[in-house]
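Chemist: generate a structure from the sequence data that follows.
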Amino acid sequence: MLKKTSLASALRQSSDSQKEDAAADKAARQPIAKIRSVSPTPSNRLGKKSITGWFDAEVLKQLKMIGLDKDKSIQQMVGEALNDYFAKNGKPQIAR
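Modeler: This is a model prediction of the structure:
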């Protein structure tokens with residue numbers, strides 16, 4: 001024959017179950033931490049900063065066409081333009 005559980009034991013199990021459910025609900029309501037993948041910085045970018053700007057789409061298209069004609073990347077062309085601007089203003093041409 002199966003042994004009956006006592007009322008106190010049944011209430012204790014029910015209370016423990018409710019506590020577990022409450023803990024699970026609390027965990028489910030907490031925001032999920034964003035997982036950020038950390039990849040090593042390429043060696044050619046160490047110590048460098050990005051310079052950006054917002055221009056019309058035609059500017060990018062024209063830069064790409066010139067880059068194809070001259071076999072240069074946009075980064076190389078921007079560096080050349082910056083060096084020209086630095087020279088115009090009496091500053092050392094340091095953009096690489």
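Chemist: spatially central residue for the chain, please.
Modeler: R36 (6.7 Å; CA atoms, centre = their mean).
Chemist: quick check: it vs E80, distance?
Modeler: 35 Å (CB to CB, to the nearest Å). Glycine gets a C-beta too; all of them are placed from N, C-alpha and C.
Chemist: the helices in this structure, which residues?
Modeler: For the chain, applying DSSP state H gives helices covering 7-29, 57-70, 74-88.
Chemist: to K48, which of the ones you listed lies closest?
Modeler: helix 74-88 (10.5 Å; CB to CB).
Chemist: so the closest one versus helix 57-70, what angle?
Modeler: With axes from the mean of the first three to the mean of the last three CA atoms, to 10 degrees as the basis, helix 74-88 and helix 57-70 are set at 100 degrees to each other.
Chemist: what mean pLDDT does helix 74-88 get?
Modeler: Averaged over helix 74-88, pLDDT sits at 97.
Chemist: same thing with stretch 22-29?
Modeler: Mean pLDDT, computed over stretch 22-29, is 70.
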